[in-house]
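> Pasted the sequence and its predicted model underneath.
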Amino acid sequence: MTTGADSASDVPPFRYTAAMAQGIETGWQQRWADEGTYNAPNPSGPLDEEFARVAIRPHAYVMDMFPYPSGAGLHVGHPLGYIGTDVYARYRRMRGDNVLHTMGFDAFGLPAEQYAIETGQHPRTTTYGNIEIFLTQLRRLGLGHDERRRVATTDPEFYRWTQWIFLQIFNAWYDPIADKARPVDELISELDAGTRQPAPGSNPFDRGWGELSDIERRQVVDNHRLAYRTESMVNWAPGLGTVLSNEEVTPDGRSERGNVPVFKRPLPQWNMRITAYADRLVRDLDQIDWPEKVRTMQRNWIGRSTGAHIAFATSVGDIEVFTTRPDTLFGATYVVVAPEHPMVDALTTETWPDGAKPSWTADAATPHDAVAAYRAAAAGRSELDRQAGDRAKTGVFTGTFAQNPVTGTALPVFVADYVLMGYGTGAIMAVPGQDERDWEFAEVFDLPIIRTVAPPDGWEGKAFTGEGPAVNSSIEGLSLDGLDVPTAKVRIIEWLEAAGRGRGAVTYRLRDWLFSRQRYWGEPFPIVYDETGLPIAVPDSMLPVELPETDDFSPKSFPPDDAESTPEPPLGRLSDWVEVELDLGDGPKKYRRETNTMPNWAGSCWYELRYLDPTNTERFVDPAVEHYWMGPNADRPLGGVELYVGGVEHAVLHLLYARFWHKVLFDLGHLSSSEPFHRLVNQGMLQLPAYTNADGFYVPAAEVVEHEGRFFHNGTEVHQEFGKIGKSLKNVVNPDDFIREYGADTFRLFEMFGGPLEQSRPWDSKAIVGPYRLLQRVWRVVVDEQTGETHVSDEPVPDELNRLLHKAIHAVRDGYETLRFNTSIARVTELNNAITQAYPDGGAPRAVAEALVLMLAPLAPHIAEELWSRLGHTSSLAWEGFPVVDESLLVDDTVEVPVQVNGKLRAVLTMPAGADAAAMEAAARGDERIAAALEGRETRRVVAVPGRLVNFVV
């Protein structure tokens, strides 16, 4: 990868080369570290040193989504966002702002634990070794981070506060009247005083609050908490011995890591009541500056729906369904429950009843056999696979019929996996006339189809999902026929509520957040259990609950197909840690610790807050510090980080979870901001070719050779595809190689030149020579390559060059403001070319040379610092003011105007920029070419547009 210029024997002794860049860059990186150049002062607390210097300045908080420190280190795709935020932060600092920009590590998680299981090396050793690799690479990129603020989620002093926040959530409940979280102590006081009754569904006992025992009261209160423990339907991977999140399960129902079967099972788990915040999470999206694509993804994920809960009576109790189309109830011809529905066992009969069609029985001898086999098969399918639209509909009859509440018709109840337990109630009324999936199921199982909405004339399709007048929807005392959908919905809900068979409701696709993992490498829960088995919060004074030492990291695994096995977390084997004697206020007692750990999302839910005040041992963040950096203002009405940059793959989970935690802390009075991230930008991806062999396996891209448009690996032809960079794709390119051969500044320019920050772009390593040559030309403007002396003059800047300079300042500033750094590079290049053309042997005016260096500084800070120093300045340019544009010089004195005769171009004339139509016509007539074209011809009309065009119609 050596450059031709560097390898030539006649290289001038003081030319900017890769070798020179290495020395310049490492030198300035050390100086920045020694001087704390990028330290951002806080308004108070231990990091308030020199705040007086910036107190009157505006301030900006710029963040990246922090990385997981994998052993492979950074590849060339990672720095795209990191460099982009660094460029923007440097520009804002030069613009006069106090800028907070730092980087930490999301260091808990499954990869380090899996590596520990395979090698026996403690995850902490692996993780912190990887962090050192990342820090070396990040420093070599020249990123202007406040290194005092670095955090890792695995540091006990960090997860002490993660545990503290968990306890704030555990000790809070959502008051629907106040529409906010409140301390549980206040709930208990109101229940004791009789001013509030337990929330619906929270009191499983047949007695009022005053008649409950202490243990029963604890259970009722626990049912209100925002963090609660309950039996949840989870993704259980026996072969790994752990529960997996949905995103860790492949569409074919196997684990992403390890490729073992995953089963749906009900297990006791911790949950976060994020659903209580569903409306606020949707509503506040309108007040934050996020890409519309991401906002839409969050709205869809939350999935707010209005409709009705309807009870379908059976011999073993009511099946409750939620539907957004209660107006179609007359068309319900069967009922479906999810395989995991708690009523399945009760609904399943011993023998097939009369009326059971052969297609309903799956050729099983009894409903019990059919349902058991079907549930076992469904447990091995992922939710994504079960919801796939092109998948054939399957199911079995339970043997039970339900009654349609309006028609009285007996409807067969099926178990089918296209219904999910996590959505709605886990049961649906199937209306095949108005739903495509129901129509497909009805065709397979020979079930009736009744239209309840009239399709338009000429309709030849199957299920009609649009709106129209209701049909076939009348009984004595109730008729929907002829009504539009909204009116029909209101009418049927009124009837259901009056009949006691249903109620209007709002529901969400969003489910409460499963918050348990059966892993070692995660934050321990600050929870213990007493003899009742009910959870008790560990007092703040006992935090952090530190992760105990062990050399046995693996959860107990089971045969991969053992769906009935039960998780046994690694911490459960550490009896000396699990069984503990504590004094929680009523004397020493024995307790049992929670043996699950938190998911790796926990630390990333709030790290933006710890960056603000990382050395504070008394609070997770000082309120004055949080308000200074993140508090609401006219531009950010809900507050939050000014700019947050990261991949779109985190659009839902991380961002939704972080918003939820932030809102709870806001409700409880710990924060002034109610949103964590005001402006979000998703950086594009770098795309590299990857290669697969005939078996579909990836081969190392670096070993592939091209011959006549075809690609070969070890002599065998392979297929080329383009996509993201990844270890699994075997196309990782290490940025260290490019930095070593060209320097960090060249690499930074190269990454930023491919397009706007949000735009994905292909990686073409050969194109890096262009940015390298640009820096060499900028160097020559200031430094004589033969002598190494600075060769600028104190002469004034010529008018034409001065005008170009200020146009460049205007355009470069706009590029930085809008994150279109490629346009800033283009205008710097244009200005530099003009300078070198005007002063090929050096001697450019100092004013234009210094402005050039300052404009380049955010993009290529090392060479800019070096040139600034050689221009006679003793301090870093990091806080130097960005060049200011003279607006008067943005308007040209003259413009070039095309002159036409009958629409045909005859000349292009230079005219005064302010010339009016008459002056333009006179100037055009005075030109010899135009005069000749008009001679002897009658001019019928003259069209003269000032500054744009003159056209003679003859």
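Here it is on my side, so go on. All figures in this text were calculated on a predicted structure; none of them were measured in a lab.

> pLDDT averaged over stretch 826-842 - what is it?
Here the mean pLDDT over stretch 826-842 is 96, rounded to a whole number.

> For it, what is the distance to the chain centroid?
41 Å (CA atoms, centre = their mean, to the nearest Å).

> could you pull out the strands for the stretch 601-750 of the chain?
Counting by DSSP state E, counting those that start in this stretch, the stretch 601-750 of the chain has strands at residues 643-646, 680-682, 686-692, 698-699, 704-707, 710-713, 716-724.

> Redo the ones you listed as a markdown table? Include distance to residue 534.
Yep, even glycine has a C-beta here, placed from its N, CA and C like the rest. Output for those, formatted as a markdown table (distance: least, CB to CB, whole Å):
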| stretch | distance to residue 534 |
| --- | --- |
| strand 643-646 | 39 |
| strand 680-682 | 40 |
| strand 686-692 | 51 |
| strand 698-699 | 51 |
| strand 704-707 | 60 |
| strand 710-713 | 60 |
| strand 716-724 | 47 |
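
> could you redo these as TSV and give each row mean pLDDT, mean neighbour count and distance to residue 89?
Below are the strands of the stretch 601-750 of the chain laid out as TSV (pLDDT from 0 to 100; neighbours: other CB atoms under 10 Å; distance: least, CB to CB, whole Å):
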stretch	mean pLDDT	mean neighbour count	distance to residue 89
strand 643-646	97	23	8
strand 680-682	96	22	13
strand 686-692	85	19	21
strand 698-699	86	19	36
strand 704-707	88	12	38
strand 710-713	91	15	41
strand 716-724	84	14	26
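
> Of those strands, which is nearest residue 764?
In this view, the strands of the stretch 601-750 of the chain are compared for proximity to residue 764 by CB to CB, and strand 686-692 is the closest at 9.4 Å.

> The closest one - which strands sit beside it in the sheet, and in what orientation?
Applying DSSP bridges, strand 686-692 is found paired with strand 698-699 (antiparallel), strand 716-724 (antiparallel), strand 761-762 (parallel).

> Ok, which of these comes nearest residue 425?
Distance to residue 425, taken as CB to CB, is lowest for strand 716-724 among the strands paired with strand 686-692, at 39.0 Å.

> what's the distance between the nearest residue to residue 729 once chain neighbours are set aside and residue 111?
Leaving aside its chain neighbours, residue 729 sits nearest to residue 690 (4.2 Å; criterion: CB to CB, 6 or more residues apart in numbering). In this structure, residue 690 and residue 111 are separated by 21 Å, where distance is defined by CB to CB, to the nearest Å.

> And residue 234, by the same measure?
Counting by CB to CB, the gap from residue 234 to residue 111 is 21 Å.

> and the two? which has more neighbours close in?
Set side by side, residue 234 and residue 111 give different neighbour counts by other CB atoms under 10 Å, the larger being at residue 234 (23 against 18).

> Each with direction, which strands does the host helix or strand of the more buried one pair with?
For residue 234, the host element (DSSP states H and E) is strand 227-237. Taking DSSP bridges as the criterion, strand 227-237 pairs within the sheet with strand 242-244 (antiparallel), strand 263-272 (antiparallel).

> who touches the shortest one?
Going back to what we said before, that points to strand 242-244. 234-237, 255-256, 262, 267, 269, 514, 516-519, 555, 567, 569 (CB atoms under 8 Å, 6 or more residues apart in numbering).

> Looking at it now, give me its mean pLDDT.
Averaged across strand 242-244, the pLDDT comes to 80.

> cool, and stretch 495-507?
Stretch 495-507 shows an average pLDDT of 93 in the prediction.

> got the end-to-end distance for it?
Between the opening and closing residues of stretch 495-507 lies a distance of 20 Å (CA to CA, to the nearest Å).

> ok, now stretch 761-772?
Criterion CA to CA; first-to-last residue distance in stretch 761-772 is 19 Å.

> Show me what counts as buried in that stretch.
Taking 16 or more other CB atoms under 10 Å as the neighbour-count basis, stretch 761-772 is seen to contain the buried residues 761, 763, 768, 771, 772.

> So which residue is smack in the middle of the chain?
For the chain, the residue whose C-alpha lies nearest the mean C-alpha position (CA atoms, centre = their mean) is residue 650; its distance is 2.5 Å.

> Do I have it right that residue 566 meets residue 267?
Yes. Using CB atoms under 8 Å, residue 566 is in contact with residue 267, at 7.3 Å.

> now the strands for the stretch 351-500 of the chain?
The residue ranges that make up the strands of the stretch 351-500 of the chain, judged by DSSP E, counting those that start in this stretch, are 396-403, 410-415, 427-430, 474-475, 478-479.

> helices and strands around the first one, which ones?
Helices and strands touching strand 396-403, by 3 or more CB pairs under 8 Å, 6 or more residues apart in numbering; DSSP states H and E, are strand 305-314, helix 344-347, helix 367-378, strand 410-415.

> could these be laid out in TSV, adding mean neighbour count and mean pLDDT?
Shown next, in TSV, are those (neighbours: other CB atoms under 10 Å; pLDDT from 0 to 100):
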stretch	mean neighbour count	mean pLDDT
strand 305-314	19	94
helix 344-347	18	96
helix 367-378	18	94
strand 410-415	22	98
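
> Residue 201 is nearest to which of those?
Set against residue 201 and scored by CB to CB, the helices and strands packed on strand 396-403 come closest in strand 305-314, at 12.6 Å.

> how far is that closest one from where the chain is centred?
Between the mean C-alpha point of strand 305-314 and the mean C-alpha point of its chain there is a distance of 35 Å (CA atoms, centre = their mean).

> okay, the angle between it and strand 410-415?
Comparing the axes of strand 305-314 and strand 410-415 via axes from the mean of the first three to the mean of the last three CA atoms, to 10 degrees yields an angle of 110 degrees.

> and the angle from strand 305-314 to strand 396-403?
Taking the same axes, to 10 degrees, one finds strand 305-314 and strand 396-403 inclined to each other by 90 degrees.

> ok, back up a step: what is the nearest of the buried residues of stretch 761-772 to residue 74?
Using CB to CB, residue 763 comes nearest to residue 74 of the buried residues of stretch 761-772, at 13.9 Å.

> Thought residue 687 was touching that closest one, still the case?
Yes. Assessed by CB under 8 Å, residue 763 is found in contact with residue 687 at 6.5 Å.

> Pull up the overlap in contacts between those two.
Here residue 763 and residue 687 have residue 725 as joint contacts, going by CB under 8 Å, 6+ apart.

> Contacts only, for residue 419.
Taking CB under 8 Å, 6+ apart as the definition of contact, the neighbours of residue 419 are 336, 337, 338, 426, 427, 428.

> quick one: contacts for the nearest residue to it once chain neighbours are set aside?
Closest residue to residue 419 in three dimensions, ignoring its sequence neighbours and counting by CB to CB, 6+ apart: residue 338, at 4.5 Å. In this structure, residue 338 makes contact with 415, 416, 417, 419, 420, 421, 426, 427, judged by CB under 8 Å, 6+ apart.

> Just the closest of those residues to residue 17, please.
Using CB to CB, residue 420 comes nearest to residue 17 of these, at 61.5 Å.

> how close does that closest one get to residue 750?
Per CB to CB, residue 420 is found 47 Å from residue 750.
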